[in-house]
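K.L.:
After the sequence you'll find the predicted model.
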Amino acid sequence: MIVARFVPLAAAAVLALLVGACSAPTSGPAASDPGSMVLADGYEPDDVNPLMGYGEEGASKIYDGLTALDAQREPQPALAASAPVAAPDGLSWTVPLRPGVTFHDGTAFDATDVVATYKAVLDPTKAATVASGFSMVRDVVAVDAGTVRFDLTRPFLLFPGRLTLPIAPSEAVAIPGPASDMPLGTKPVGTGPYRMVEWRQGSSMVLEANPSYFGGAPAVRRITVVFATDDNTRAQRVAAGEFDGTVLPPALAKGIAGQAQDMVLREHASADYRTITMPFGNPVTADPAIRQALNRAVNRQGMIDALLAGQGRPASTPIPEVLPEEVEPAAQFPFDPAQANAILDAAGWTRGADGIRARGALPARFTLMYNPADTVRRDLAQAFASDARAIGVDVRLEGLGWDAIDPRLGTDAVVLGGGNPFDTAFKSWQLLSSVNAADGYNNPGSYRNAAVDQALDAAIAAPDRATRAAELRRFQQAYAADPGMVFLTFLGHSYLTRDRFDGYQPVVEPHTHGTTWGPWWNVERWTPRT
């Protein structure tokens, strides 16, 4: 997926420029070869090592997982020959492997590679960033060359959906030292429908179709991904016909749609939330009254209308309304500044002459960090600070790189993104369970609530989907009584794609980066339109 972003102040001027640019027929490199595609990406990956998160949610073009998620968000066999099978007690899953598969370097794929990849994830010396996603895995063993078994610490109903992790050759992940130092990060070797033939870091990446792909050689033979982080630059270049597709802020995307030749606007719903962390290591954000008040002070729909051109849905918890069977209606926070003020008054936070509240010698003031390269996070941070100020809470904004943000997660708030529609119970557990307190971006604010913990544990261990959904609703009730963050919105993602290929399927998207999701999530099955 390419993450949508928005630049409200420049939108009107850029749209005026684009209307002129789109008035003439477009042509260029993007349309020169019917079997090739040129995409503009607002995000360049740090590396392409699956242990460091590349392609973790599936749909990677370079790698395959044992399973892949379809358009209905259900896991289907990929490197698995058939669906994984659970033991009667749910404590192990056996996966038969697809025979005859080879990696891009020509070596054969078998159980050794699966075991080595997952062992590397579980090895603390590798410091794999995806490790927290496999906390339920106790061991993985090769039953034989064509079969692997995963032994779990607890039953996990949706475990096949966790098996989208890309598989790498055993020798590539067996290198001693941390995963971040592996050559795999810049020289990937997978079994996927495309192989990387060039990566000019800071500029572009070129993928070529894998002629030996077990699913058949893709008809889109070559994909060039141009890294262009500035929204307005991408908009101008896509309008000029340089690209076959890109992500754009909603207003810009809508301005180009119907103007540029063969360009189609694709708007995807998502479970991709933006939230404000409330760290318990800060005496202001740790206060329950502050957290309850801020959840009622923010105008979520106003933010969506003004900053996202209506492309988004209000968020009160990490459970998106695209999964209505899991949403608890009573756990949604209304926009109610009067109630927010009343909560703070009752808790002893009194306004001073400057309009800022204090309780004793402690002012109602805290710092909110955001990455300034992400304009959506910047704009949401500014809107949040404005709404907080209206109820007497002073939010000081700091735009920082992630390296500067990381060490301050325990004491300063941050605009955080995450979420997926595939397993909301596990994602919520990662984000809010007390066992994950201060584990990087898993529960970065060290939120602790025993009722939330119990409901999330029960949801993960549920024997069926109905029980899981009921426990998720119970989790939301417990969370709303003691919120640990201020969720703002589930983003809508806006894309433009040149209408010269068949095979597009809409999907509900996760929070992820790169050209793995978006309209191109299944590009290996696209065919040039004749």
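P.N.:
Sure, I can see it.
K.L.:
can you pull the buried residues of the helix or strand containing residue 292?
P.N.:
According to DSSP states H and E, residue 292 maps onto helix 288-297. For helix 288-297, a neighbour-count test (16 or more other CB atoms under 10 Å) marks 289, 290, 291, 292, 293, 294, 295, 296, 297 as buried. C-beta coordinates here come from the backbone N, C-alpha and C atoms, glycine included.
K.L.:
Can you give me every residue that contacts the nearest residue to residue 56 once chain neighbours are set aside?
P.N.:
Excluding its sequence neighbours, the residue lying closest to residue 56 (CB to CB, 6 or more residues apart in numbering) is residue 130, at 5.3 Å. The contact partners of residue 130, by CB atoms under 8 Å, 6 or more residues apart in numbering, come to 50, 51, 52, 53, 56, 121, 165.
K.L.:
Burial check on the first one, number of neighbours?
P.N.:
If you count neighbours by other CB atoms under 10 Å, residue 50 ends up with 30.
K.L.:
Backbone dihedrals for it, both of them.
P.N.:
Dihedral pair for residue 50: phi -60, psi -30, per degrees, to the nearest 10.
K.L.:
Could you check the pLDDT of it?
P.N.:
On the pLDDT scale, residue 50 is placed at 96.
K.L.:
those helices in the stretch 351-500 of the chain, which residues are they?
P.N.:
Residue ranges of the helices in the stretch 351-500 of the chain, as given by DSSP state H, counting those that start in this stretch, are 375-390, 402-405, 424-432, 450-460, 465-481.
K.L.:
related to what we said a few turns ago, can I get the buried residues of helix 288-297 in CSV with pLDDT?
P.N.:
Formatted as CSV, those follow (pLDDT from 0 to 100):
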residue, pLDDT
289, 98
290, 98
291, 98
292, 98
293, 98
294, 98
295, 98
296, 98
297, 98
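K.L.:
any idea which of the residues you listed is closest to residue 314?
P.N.:
Nearest to residue 314 among the buried residues of helix 288-297 is residue 295, at 11.3 Å by CB to CB.
K.L.:
Disregarding flanking residues, what is the spatial nearest neighbour of that closest one?
P.N.:
Using CB to CB, 6+ apart, the closest residue to residue 295 is residue 333 (4.3 Å).
K.L.:
Can you give me the domain boundaries for this protein?
P.N.:
8-46+193-266, 50-188, 274-491 (automatic domain parsing).
K.L.:
Tabulate those (CSV), appending distance to residue 524.
P.N.:
Formatted as CSV, the domains of the chain follow (distance: least, CB to CB, whole Å):
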stretch, distance to residue 524
domain 8-46+193-266, 4
domain 50-188, 7
domain 274-491, 20
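K.L.:
still on that earlier bit, right, and the helices of the stretch 351-500 of the chain - which one's nearest residue 161?
P.N.:
So among the helices of the stretch 351-500 of the chain, helix 424-432 is nearest, using CB to CB, at 8.8 Å.
K.L.:
can you state the direction angle for the closest one and helix 450-460?
P.N.:
If you take axes from the mean of the first three to the mean of the last three CA atoms, to 10 degrees, helix 424-432 sits at 150 degrees to helix 450-460.
K.L.:
before we move on, the earlier item: show me the contacts for the residue nearest to residue 295.
P.N.:
Going by CB under 8 Å, 6+ apart, residue 333 touches 295, 296, 316, 480, 483.
K.L.:
Next, give me the two most distant ones among these.
P.N.:
The most widely separated members of the contacts of residue 333, counting by CB to CB, are 296 and 480 (11.1 Å).
K.L.:
pLDDT score for the residue nearest to residue 442 when sequence neighbours are not counted?
P.N.:
In space, and not counting its chain neighbours, residue 442 is closest to residue 436: 4.1 Å by CB to CB, 6+ apart. On the pLDDT scale, residue 436 is placed at 95.
K.L.:
Thought residue 444 was touching residue 436, still the case?
P.N.:
No: counting by CB atoms under 8 Å, residue 436 does not reach residue 444; the two are 9.3 Å apart.
K.L.:
re the thing from before, what kind of secondary structure is the residue nearest to residue 295 in?
P.N.:
Here residue 333 is coil, with the state taken from DSSP: H, G, I helix; E, B strand; the rest coil.
K.L.:
Okay, now the unreliable bits of this protein?
P.N.:
For the chain, applying pLDDT under 70 flags the ranges 1-32, 258, 261, 513-515.
K.L.:
what's the closest non-adjacent residue to residue 217?
P.N.:
residue 211 (4.8 Å).
K.L.:
How many residues are close by that neighbour?
P.N.:
Neighbours of residue 211 under the rule other CB under 10 Å: 10.
K.L.:
How is it assigned, secondary-structure-wise?
P.N.:
Under the three-state scheme (three-state DSSP), residue 211 adopts coil.
K.L.:
Hmm, residue 344 and residue 293 touching each other?
P.N.:
Yes: using CB under 8 Å, residue 293 makes contact with residue 344 at a distance of 5.0 Å.
K.L.:
helix or strand right after the helix or strand hosting residue 205?
P.N.:
Residue 205 is located in strand 204-209, with elements delineated by DSSP H and E. The helix or strand immediately downstream of strand 204-209 is strand 222-227, counting by DSSP H and E.
K.L.:
quick one on the thing from earlier: what's the distance between the residue nearest to residue 295 and residue 291?
P.N.:
For residue 333, the distance to residue 291 (CB to CB, to the nearest Å) stands at 11 Å.
K.L.:
got any residues that touch both of the two?
P.N.:
Counting by CB under 8 Å, 6+ apart, the residues touching both residue 333 and residue 291 are residue 483.
K.L.:
Leaving out the residues flanking it, which one is nearest to residue 66?
P.N.:
residue 163 (4.1 Å).
K.L.:
which SS state does that neighbour fall under?
P.N.:
Going by three-state DSSP: residue 163 is helix.
K.L.:
is it true that residue 61 touches residue 209?
P.N.:
No: using CB under 8 Å, residue 61 is not in contact with residue 209, being 9.8 Å away.
K.L.:
who has more neighbours, the two?
P.N.:
residue 61 (26 against 21).
K.L.:
about what we covered before: which of residue 436 and residue 444 has more residues huddled nearby?
P.N.:
residue 444 (25 against 19).
K.L.:
ok now do the closest residue to residue 350 other than its chain neighbours, which residues does it touch?
P.N.:
Using CB to CB, 6+ apart and skipping the chain neighbours, the partner closest in space to residue 350 is residue 357 (6.1 Å). By CB under 8 Å, 6+ apart, the contact set of residue 357 is 344, 349, 350, 351, 363, 364, 391, 392, 393.
K.L.:
Just the buried ones out of those, please.
P.N.:
By 16+ other CB under 10 Å, the contacts of residue 357 give 344, 349, 363, 364, 391, 392, 393 as buried.
K.L.:
Sort out which one of those lies nearest residue 521 for me.
P.N.:
Closest to residue 521 out of the buried ones among the contacts of residue 357 is residue 393 (40.1 Å), distances taken as CB to CB.
K.L.:
how close does the closest one sit to residue 405?
P.N.:
Going from residue 393 to residue 405 by CB to CB gives 21 Å.
K.L.:
Could I get the contacting residues of the residue lying farthest from the centre of the chain?
P.N.:
Within the chain, the residue lying farthest from the chain centre (CA atoms, centre = their mean) is residue 353, at 42.6 Å. With CB under 8 Å, 6+ apart as the criterion, no residue contacts residue 353.
K.L.:
what do you get for residue 482?
P.N.:
Counting by CB under 8 Å, 6+ apart, residue 482 has contacts 288, 291, 449, 451, 452.
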